[in-house]
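*Asks:* Starting from these lines, generate the structure:
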Amino acid sequence: MKTCKSKLWIWIAVPVVLGMLSGWLSSLMAGGFDTFQKPAFTPPDWVFPVVWTILYILMGISGWLVSCKAESQGESPAKTLVPFVVQLALNLAWSFLFFGMQQYFLGFLWALALDAAVLWMILSFYKVSKTAAYLQIPYLLWGIFAAVLSFGVYLMN
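*Replies:* Got it, this is the predicted structure:
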């Protein structure tokens with residue numbers, strides 16, 4: 001388990017850094033986001049980086065837990081981590097689709113696909129580490145909220 005502990009910071013750093021990069025690039029592309037209509041339930045702007053940072057940290061901890069558990073059992077974590085990689089790729093691509101390309105309806109559909117991938121990750125993680133799976137429930141709930149928000153933006157613009 002000592003090897004796993006030394007890698008925890010990497011597991012956390014990867015999603016956090018990728019998320020920060022995605023957020024930064026999205027802010028550069030978001031040009032008109034502040035100028036169009038948003039649903040009344042849209043949180044203040046400062047909420048998004050706070051929530052996403054927490055979710056990325058939880059994502060990293062979950063990936064680490066699954067990896068450690070698999071290693072301790074002499075198995076490769078690769079198969080269990082496929083949903084982790086898929087949801088992370090979908091997550092990062094959403095920003096470019098929604099903000100960069102301003103494809104709001106497609107962004108909504110993409111958010112639904114992301115939610116499905118997060119659910120897949122939770123179910124996959126649950127087989128290896130219940131804690132890792134439970135840590136992703138806030139992500140799923142936020143993802144559902146984000147999909148609803150995306151749909152609201154689409155309808156209003």
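
*Asks:* So for this protein, the centremost residue is which one?
*Replies:* residue 91 (5.0 Å; CA atoms, centre = their mean).

*Asks:* If I look at it, what pLDDT would I see?
*Replies:* Residue 91 is assigned a predicted lDDT (pLDDT) of 96.

*Asks:* quick one: what helix or strand has it in it?
*Replies:* helix 78-95 (DSSP states H and E).

*Asks:* what helices or strands is that helix leaning on?
*Replies:* helix 2-29, helix 47-72, helix 104-126 (3 or more CB pairs under 8 Å, 6 or more residues apart in numbering; DSSP states H and E). C-beta coordinates here come from the backbone N, C-alpha and C atoms, glycine included.

*Asks:* ok, and what's touching the shortest one?
*Replies:* Outside of helix 104-126, the residues that reach it under the criterion CB atoms under 8 Å, 6 or more residues apart in numbering are 62, 65-66, 80, 82-84, 86-87, 90-91, 93-94, 97-98, 132-133, 136-137, 139-140, 143-144, 146-147, 150-151, 153-154, 157.

*Asks:* Any stretches of the chain with poor pLDDT?
*Replies:* The model of the chain has pLDDT under 70 over residues 1-6, 30-33.

*Asks:* so which of the helices and strands packed on helix 78-95 gets nearest residue 39?
*Replies:* Nearest to residue 39 among the helices and strands packed on helix 78-95 is helix 104-126 (12.1 Å), distances taken as CB to CB.

*Asks:* Of the helices and strands packed on helix 78-95, which is nearest residue 36?
*Replies:* helix 104-126 (9.3 Å).

*Asks:* Just the CA trace of that closest one, in CSV.
*Replies:* As requested, the backbone C-alpha atoms of helix 104-126 are provided in CSV (Å, rounded to 0.1, in the frame of the first residue of the first chain):
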residue,chain,number,x,y,z
TYR,A,104,-25.8,24.2,-26.7
PHE,A,105,-28.2,21.4,-27.7
LEU,A,106,-25.3,19.1,-28.6
GLY,A,107,-23.7,20.2,-25.3
PHE,A,108,-26.8,19.0,-23.5
LEU,A,109,-26.7,15.7,-25.2
TRP,A,110,-23.0,15.4,-24.5
ALA,A,111,-23.7,16.1,-20.8
LEU,A,112,-26.2,13.2,-20.8
ALA,A,113,-23.6,11.0,-22.3
LEU,A,114,-21.1,12.2,-19.6
ASP,A,115,-23.7,11.4,-16.9
ALA,A,116,-24.0,7.9,-18.3
ALA,A,117,-20.3,7.5,-18.3
VAL,A,118,-20.1,8.7,-14.7
LEU,A,119,-22.8,6.2,-13.7
TRP,A,120,-20.8,3.5,-15.6
MET,A,121,-17.7,4.5,-13.6
ILE,A,122,-19.6,4.4,-10.3
LEU,A,123,-20.9,0.9,-11.1
SER,A,124,-17.5,-0.3,-12.2
PHE,A,125,-15.7,1.2,-9.1
TYR,A,126,-18.4,-0.3,-6.8
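
*Asks:* Thanks again, I'm all set now.
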